[in-house]
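Q: I'll drop the sequence and a predicted model, then ask my questions.
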Amino acid sequence: ILPDLVQMLNSDGSRYQFVIGPRLGRSVSTEQYAFVFDANRVEHDPTSTGTIQDPRDLMHREPLVARFRSRTEPPERAFTFWLVNVHTDPDDVPTEMAALADVFEVMQTARPYEDDVILLGDLNANERQMGRFAQMPGLRWVVGGGVMTNTRQTKAYDNILFCAPKTGEFTGRWGVFGFETVFGLSRDQALRVSDHLPVWAEFDAWEGGTSRRAEVDPGFRR
């Protein structure tokens, strides 16, 4: 599916690429995580991609992580960040949210020169079900205030989380893309696309306005 999608996106001369993980799941219903990105605007650290280890089997589908950098000149000042992609199981939300809090803390120190960690995906949890995330100093999630993220507009399952003091590149702009309304679809047509709406957030392309990226980051090819 993803090669076909990217081929369609690139038919106008664009340069989209994707990173995909292995099939995961405890049952026959397995899933794959992926990142699709515009390679003209963002570059991927080829040494960074991996699936989080879960030796106690707390999660049905362990998160996929990868590191990216915005394309800027000079590249040493570009915003770099981890993305942690996850889909929790709706029957084990408290357990998996607790495990994800551990994952988030581990990723903040996974590399000594990277503390920007953005966790995103279908959490099957609203802002009142964040568990230990709610006790983390400075932790922010963008979807709140009664905004719904499923196509039927009855649940707030999807979100984007990060530590606001460390990830000051967040511009404050975010939203839920209501493709049913934008494209004039019926509810049945929209549900054939997905039972979830895309959630987005905007981050500045420059690394926090600081000089802590003065040396070449070893994870990215020049």
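A: That came in fine, so what should we check first? Model, not experiment: these values are computed from the prediction.

Q: okay, now the unreliable bits of this structure?
A: Within the chain, the stretches with pLDDT under 70 are 209-222.

Q: in it, which residue is most central in space?
A: Leu120 (3.5 Å; Cα atoms, centre = their mean).

Q: right, and it touches Leu161 too?
A: Yes: the pair Leu120 and Leu161 qualifies as a contact (Cβ atoms under 8 Å) at a distance of 7.1 Å. C-beta here means a position set from N, CA and C on the backbone, and glycine is covered the same way.

Q: which elements pack onto the strand or helix carrying the residue nearest to the centre of the chain?
A: Assigned by DSSP states H and E, Leu120 belongs to strand 117-122. Helices and strands touching strand 117-122, by 3 or more Cβ pairs under 8 Å, 6 or more residues apart in numbering; DSSP states H and E, are strand 80-87, helix 93-108, strand 158-163.

Q: let me see the contact set for Val106.
A: With contact set as Cβ atoms under 8 Å, 6 or more residues apart in numbering, Val106 has no partners.

Q: any idea how far it lies from Gly184?
A: 44 Å (Cβ to Cβ, to the nearest Å).

Q: also Val142?
A: 26 Å.

Q: looking at the two, which one has more neighbours?
A: Val142 (21 against 8; other Cβ atoms under 10 Å).

Q: name the nearest residue to that one, ignoring sequence neighbours.
A: Trp174 (4.1 Å; Cβ to Cβ, 6 or more residues apart in numbering).

Q: give me the beta-bridge partners of the one you found?
A: Ala201 (DSSP bridges).

Q: how many neighbours does it have?
A: Trp174, neighbours per other Cβ under 10 Å, totals 17.

Q: again, but for Asp4
A: 8.

Q: quick check on it: phi, psi?
A: Dihedral pair for Asp4: phi -70, psi -40, per degrees, to the nearest 10.

Q: now the one 5 residues further on
A: The phi and psi torsions at Leu9 (degrees, to the nearest 10) take the values phi -60, psi -40.

Q: quick check: closest non-adjacent residue to it.
A: With Cβ to Cβ, 6+ apart, the residue lying closest to Leu9 is Tyr16, at 4.4 Å.

Q: in the protein, what residue spans correspond to helices?
A: 2-9, 93-108, 179-182, 187-193 (DSSP state H).

Q: ok, and what's touching the third one?
A: Read it as helix 179-182. Counting by Cβ under 8 Å, 6+ apart, Thr151, Leu185, Ser186, Arg187, Gln189, Ala190, Val193, Leu197, Pro198 sit against helix 179-182.
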